[in-house]
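K.L.:
got a sequence here, can you build the structure:
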Amino acid sequence: MTTEDGGQNWHIQRLPQVDWVRKYSFISENEGWIIGNLSEIFKTNNGGISWQKLNTSIQIDFSIYGLHDIEFIDSHTGYLLANPRSTNPEEQDPYPGLIYKTEDGGIHWTQINIGIPRKYHQIVFINSLTGFLLSQPYYSNYDFDNNLLHRTVDGGKTWTTLAGKGFGNIHFINDRIGWAGNYKTTDGGQTWKYQQFNFPPLENNIDKISFSDSLTGYAISYRKILKTEDGGNSWVIQTDTPNGLLQDIQFYNSKIGYVCGYGGTIYRTNDGGENWLRYGKGVTKDLQDVDFINADTGWAVGYYGTILHTKNSGEVWEKQNIPAECDSTFFRGVDFIDKEKGWVAGGDYVLNTENGGNDWQIQLKVDLEKGRFRDIKFLDENIGFAVGQKRIWYEEGIFYKTIDGGGSWQRVDEGNLPILDEIYFVDNNYGWICGWGILLSTQDGGKSWYTDYFPEFLRYMQFMDRKHGWISSIDEAAVYRTTDGGKVWVDIPYSNRFGQFFNSFFFFNNDQGIASSFIFCNILSTEDGGLHWSYQERLPPIRLNVMTFVNDSLGWAVGTNGAILRFQGSYFSSNNNMQPSEAVAGNYPNPFRKETTIYLKINRGQKVNITAYNLLGQKISNIYNGFIGAGLRFVPWDTDHLPSGNYVIKIKCEEYTKSFLCVLAK
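P.N.:
Numbering: from 1, shown residues only. Here you go, the predicted structure:
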């Protein structure tokens, strides 16, 4: 992410080839390098507007090694660290870490052998000749007491191991003063003095330290931010942030600094840390379920007592108030029967509302011994079910039922069921409950249940009608399909699913459906009832936990770190008598300097609207609005009047709606 206004607004730069960015190194606001999880190196010369993959000559067996750190000191000279992907302390001859150097901007790399076979964690240079290397034991990423620090004064040709153990992350404020964990140097790293940091009592280790001058420094520990004004001899806690685990800290000068962490957490201070202002909007807690009763009105629930409500199709989400004792509850299920009456379940609780969530009351509380309710479903205003697990780490499920709208709940099982995870009803009679190796089914509204057993923990399911249904399993990556109401289940081969296992999915009919993968949030689609799947796109969240659609072109999904996504359009043709459109659309060239050509492919002539937006969602240009004939068509776009930047092109027609990013780099 990049900012040009001091952190008030952040713009996401996406690289389709990279699942996540491991490390980056910038030598100016324009020139920088990154390494991705697939051990590829990319370079930018325009501040990240566009990235070029470097075709390097580096000779590494990437089945064994992965790139770990990158450090450039100028446009030509840089260093690269690679570590074995896995280490076993019982190995007699473990693979050592590797160090490489380039002198042509990252095209050709030469291996440096320092004669110390360890894993290499961080490399920092304070000038062209003097640098420091932090190494770790093979067998652990957390054995900080045995970290070693190495120094070179000849550009990496030779290295000396410095006295001492327990060195931490390296941070220099100039060519003389620096820190490496509890060690401080004032002579450019020639000598290091161990400092006994007088920290206040902390529940977690110090993760990162950043100094703005020789005396003033800051540190982060889990959610806490600390400050020293005497060069690290004593520290005080400045603040305890409520939003997620902090990962990094940096001060631009003695007043302005930033911290960032899990869930998109970003804080900035303008007064040396006396006050910290959170940048960004929304919640950062994982969301576990979502329920819409129409195209406008919906609820989403998640961890730490999170209940969100929207009245405008997800444009704005408001957090609803709950009883104070439920503030730390992990809500897993939400179900509304109309815009006023609904229920949520999670932790030890079932809550209900009679006024759309303006007020929530505890309807059921059970001591589950650190277990939790996992799902809730009502057939009407009276009959409802709630399921989950009794105790954490124990395979004992719970199953409750109410026939009076939750006024009273009775436990249905007798402690003889495994963990139950999800409830699904297609009408008031036919329903299913899945869980740890079990599938319960009913044909009389839950008065009686039949049991079927599976070898996996069934996690997610959907039924289209009384006959057609699908179930997925996370632990064994299995996906099953039935066309006879569950009498026979067909295991869909892993190879037919683009090599992915599903965390959530949604079927629009018996043939067409979409799914999201458990990791990296790949979106796949099927048009043969789930027997074969094809890749569609990759989305920003780590994971989508639930998908729901109110019709074939409008839906939502919720996931990790507070992610809420809305989909408007269709992966499929709206006319089932037609062959589905390939939905081919894009622009070329991209990036471009003055003009680009937008192309699209449609199956029949129709009205097409093409619009350009900036990354704030503001309309920039009406590129085209009119009839376009069938086939592959081209529309030029003259951008001579626009400034450089990232723009989103949205194509909307009768067959599909598609948006894509393009880069104007004058």
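
K.L.:
what's the domain layout of the chain?
P.N.:
Domain assignment for the chain by automatic domain parsing gives 12-176, 196-281, 287-495, 496-572, 585-664.

K.L.:
of all those, which one is nearest residue 186?
P.N.:
Each of these has some distance to residue 186 by CB to CB; the shortest is domain 12-176, at 6.0 Å. The C-beta positions use only the backbone N, C-alpha and C, and glycine is treated the same way.

K.L.:
average pLDDT for the closest one?
P.N.:
When the per-residue pLDDT values of domain 12-176 are averaged, the result is 86.

K.L.:
how far does it stretch from start to finish?
P.N.:
From its first residue to its last, domain 12-176 covers 36 Å (CA to CA, to the nearest Å).

K.L.:
where does pLDDT dip in the stretch 451-600 of the chain?
P.N.:
Applying pLDDT under 70 to the stretch 451-600 of the chain picks out residues 475, 573-583.

K.L.:
can you rerun that using 80?
P.N.:
474-476, 498-500, 519-520, 537-542, 552, 570-584, 588, 593 (pLDDT under 80).

K.L.:
that one: strands as residue ranges?
P.N.:
Using DSSP state E, counting those that start in this stretch, the strands of the stretch 451-600 of the chain run over 469-473, 479-482, 490-491, 502-507, 513-517, 522-526, 534-538, 544-551, 554-559, 564-568, 585-588, 595-602.

K.L.:
isn't residue 465 up against residue 426?
P.N.:
Yes. Counting by CB atoms under 8 Å, residue 426 is a contact partner of residue 465 at 5.8 Å.

K.L.:
name the residue in these two with the higher neighbour count.
P.N.:
Counted by other CB atoms under 10 Å, residue 465 and residue 426 do not tie: residue 426 has more neighbours, with 17 against 12.

K.L.:
isn't the more buried one up against residue 462?
P.N.:
No. Taking contact to mean CB under 8 Å, the distance of 9.5 Å between residue 426 and residue 462 leaves them out of contact.

K.L.:
make a markdown table from the strands of the stretch 451-600 of the chain and add mean neighbour count and distance to residue 168 to it.
P.N.:
Output for the strands of the stretch 451-600 of the chain, formatted as a markdown table (neighbours: other CB atoms under 10 Å; distance: least, CB to CB, whole Å):
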| stretch | mean neighbour count | distance to residue 168 |
| --- | --- | --- |
| strand 469-473 | 24 | 42 |
| strand 479-482 | 20 | 45 |
| strand 490-491 | 12 | 49 |
| strand 502-507 | 22 | 36 |
| strand 513-517 | 25 | 36 |
| strand 522-526 | 21 | 36 |
| strand 534-538 | 14 | 35 |
| strand 544-551 | 19 | 36 |
| strand 554-559 | 23 | 33 |
| strand 564-568 | 16 | 37 |
| strand 585-588 | 18 | 47 |
| strand 595-602 | 18 | 48 |
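
K.L.:
can you redo those strands as CSV with distance to residue 75?
P.N.:
Conversion of these to CSV gives the following (distance: least, CB to CB, whole Å):
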stretch, distance to residue 75
strand 469-473, 49
strand 479-482, 50
strand 490-491, 55
strand 502-507, 43
strand 513-517, 39
strand 522-526, 36
strand 534-538, 32
strand 544-551, 41
strand 554-559, 40
strand 564-568, 39
strand 585-588, 30
strand 595-602, 29
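
K.L.:
between those, which gets nearest to residue 377?
P.N.:
Counting by CB to CB, residue 377 lies closest to strand 544-551 out of the strands of the stretch 451-600 of the chain; the figure is 13.4 Å.

K.L.:
output the contacting helices and strands for that closest one.
P.N.:
strand 287-292, strand 502-507, strand 513-517, strand 554-559 (3 or more CB pairs under 8 Å, 6 or more residues apart in numbering; DSSP states H and E).

K.L.:
now that strand: how far from the chain's centre is it?
P.N.:
Mean C-alpha position of strand 544-551 versus that of the full chain (CA atoms, centre = their mean, to the nearest Å) differs by 17 Å.

K.L.:
over to stretch 100-115?
P.N.:
Here stretch 100-115 shows a centroid-to-chain-centroid distance of 33 Å under the convention CA atoms, centre = their mean.

K.L.:
stretch 181-197 now?
P.N.:
Distance, stretch centre to chain centre, for stretch 181-197: 37 Å (CA atoms, centre = their mean).

K.L.:
buried residues, that stretch. List them.
P.N.:
Under the neighbour-count criterion of 16 or more other CB atoms under 10 Å, stretch 181-197 has 181, 182, 183, 184, 185, 188, 189, 192, 197 buried.

K.L.:
return the alpha-carbon coordinates of that stretch using CSV.
P.N.:
Output of stretch 181-197 as CSV, limited to C-alpha atoms (Å, rounded to 0.1, in the frame of the first residue of the first chain):
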residue,chain,number,x,y,z
GLY,A,181,17.9,-5.8,20.0
ASN,A,182,19.4,-5.1,23.5
TYR,A,183,22.8,-4.0,22.0
LYS,A,184,23.7,-0.4,21.1
THR,A,185,26.6,1.0,19.2
THR,A,186,27.9,4.6,18.9
ASP,A,187,30.9,3.9,16.7
GLY,A,188,29.3,2.5,13.6
GLY,A,189,29.2,-1.1,14.9
GLN,A,190,32.9,-1.5,15.9
THR,A,191,31.8,-2.1,19.4
TRP,A,192,28.4,-3.0,20.9
LYS,A,193,27.3,-2.5,24.5
TYR,A,194,24.6,-4.6,26.0
GLN,A,195,21.8,-2.4,27.5
GLN,A,196,19.7,-3.7,30.3
PHE,A,197,16.4,-2.3,29.1
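
K.L.:
quick one: contacts of it?
P.N.:
Outside stretch 181-197, the residues that touch it by CB atoms under 8 Å, 6 or more residues apart in numbering are 126, 130, 132, 144, 147, 149, 151, 162-164, 166-169, 175-180, 206, 209, 214, 231-233, 235.

K.L.:
quick check: closest non-adjacent residue to residue 605.
P.N.:
Distance criterion CB to CB, 6 or more residues apart in numbering; nearest residue to residue 605, sequence neighbours excluded, is residue 629 at 4.5 Å.

K.L.:
tell me the confidence at the one you found?
P.N.:
According to the model, residue 629 carries a pLDDT of 71.

K.L.:
again, but for residue 220
P.N.:
With respect to pLDDT, residue 220 scores 89.

K.L.:
dihedrals phi and psi, it?
P.N.:
Dihedral angles phi and psi of residue 220 (degrees, to the nearest 10) take the values phi -120, psi 140.

K.L.:
wait, it touches residue 246, no?
P.N.:
Yes. Contact criterion CB under 8 Å: residue 220 and residue 246 qualify, at 4.3 Å.

K.L.:
okay, and the common contacts of those two?
P.N.:
With contacts taken as CB under 8 Å, 6+ apart, residue 220 and residue 246 have 207, 259 as neighbours in common.

K.L.:
residue 599 is in contact with residue 589, isn't it?
P.N.:
No. Judged on CB under 8 Å, residue 599 makes no contact with residue 589 at a distance of 11.7 Å.

K.L.:
thought residue 303 was touching residue 332?
P.N.:
No. Contact status for residue 303 versus residue 332: not in contact, 9.2 Å apart, counting by CB under 8 Å.

K.L.:
the more surrounded of those two?
P.N.:
Between residue 303 and residue 332, residue 332 has the larger neighbour count (other CB under 10 Å), namely 25 against 20.

K.L.:
mind telling me what element the more buried one is part of?
P.N.:
Per DSSP states H and E: residue 332 is located in strand 331-336.

K.L.:
now the angle from that strand to strand 544-551?
P.N.:
Orientation of strand 331-336 against strand 544-551 (axes from the mean of the first three to the mean of the last three CA atoms, to 10 degrees) gives an angle of 10 degrees.

K.L.:
pull the residues that contact strand 331-336.
P.N.:
Taking contacts as CB under 8 Å, 6+ apart, the residues outside strand 331-336 that touch it are 288-291, 293, 299-303, 305-307, 342-347, 372-378, 384, 386, 388, 423.

K.L.:
now do stretch 402-416
P.N.:
Residues lying outside stretch 402-416 but in contact with it, judged by CB under 8 Å, 6+ apart, are 343, 350, 352, 363-364, 381-386, 390, 396-401.
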